[in-house]
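# Need coordinates for the following:
(one chain, ligands or ions: 1)
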Amino acid sequence: MTTTGGAERDPILRVVPKPGDINANGHIFGGWVLSQMDIAAGIVAAREADGPVATVAIEAMEFIAPILLQDLISVYAHVERIGRTSIAIRVRVVASRDRGSREVDVTSGLFTFVALDENHRPRPVKRDATPSA
Ligand SMILES: CC(C)(COP(=O)(O)OP(=O)(O)OC[C@H]1O[C@@H](n2cnc3c(N)ncnc32)[C@H](O)[C@@H]1OP(=O)(O)O)[C@@H](O)C(=O)NCCC(=O)NCCS
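So this is what the prediction gives:
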């Protein structure tokens, strides 16, 4: 298994939650955040696997601080580990608040994907010298 440092330059996704994504506390639903993270991580994993991937595990999820309605959410993701057929992607979500004057770390997690063949079974990942961020 290869472990990578994985620089995070630009967010993979930037998105603004909608009023329907709010729970009774006035915070954004955890499930909404999770799905944005899965989408962003899937983009990075599919790029690395050079083909289709499926999420096999989500670990180390931390909801550090609430996301509020007017936050702009940036989802950063980088390859942390490459196995034989699996790729682990570290995901971090930052909320930009008060018209960009404040950046708050809100959520992080480790998403593991498996590269799939045409029968939806695990396929070996081709190794690149430099994993993409
Ligand atoms: C992904 C899937 C094809 C893997 O099939 P499988 O029979 O479990 O495959 P394997 O046991 O050979 O494991 C494949 C790789 O995944 C890794 N893996 C399996 N379960 C894991 C887990 N819980 N956590 C981390 N890695 C895991 C294995 O270590 C292996 O990695 P490696 O080849 O790099 O060593 C199958 O589990 C599946 O179809 N799951 C549903 C996927 C899906 O629908 N995702 C969307 C959820 S809504």
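# Where does this structure get nearest to the ligand, residue-wise?
Using Cβ to the nearest ligand atom, the single residue of the chain nearest to the ligand is Gly83, 2.2 Å away. Backbone N, C-alpha and C define where each C-beta goes, glycine included.
# quick one: that residue from Pro66, how far?
34 Å (Cβ to Cβ, to the nearest Å).
# Then Ser35?
Ser35 is 17 Å from Pro66, by Cβ to Cβ.
# between the two, who's got more neighbours?
Between Ser35 and Pro66, counted using other Cβ atoms under 10 Å, the more crowded position is Pro66 (17 against 12).
# Surely that one and Val104 touch.
No. Pro66 sits out of contact with Val104 when judged by Cβ atoms under 8 Å, with a separation of 9.0 Å.
# okay, now the residue of the chain closest to the ligand: neighbour count?
Burial of Gly83 is recorded as 15 neighbouring residues (other Cβ under 10 Å).
# residues from this protein in reach of the ligand?
Applying Cβ under 6 Å from any ligand atom, one finds that the chain approaches the ligand through Ala54, Thr55, Val56, Ala57, Gly83, Arg84, Thr85, Ser86, Thr112, Val114, Arg121, Pro122.
# which residues touch the third one?
The reference is to Val56. If a contact means Cβ atoms under 8 Å, 6 or more residues apart in numbering, then Val56 has Ser86, Thr112, Phe113, Val114 as its contacts.
# elements contacting the helix or strand where the third one lies?
By that I understand Phe113. Remark: Phe113 resides in strand 102-115, with elements defined by DSSP states H and E. If you count contacts as 3 or more Cβ pairs under 8 Å, 6 or more residues apart in numbering; DSSP states H and E, strand 102-115 packs onto helix 30-49, strand 53-63, strand 72-82, strand 86-97.
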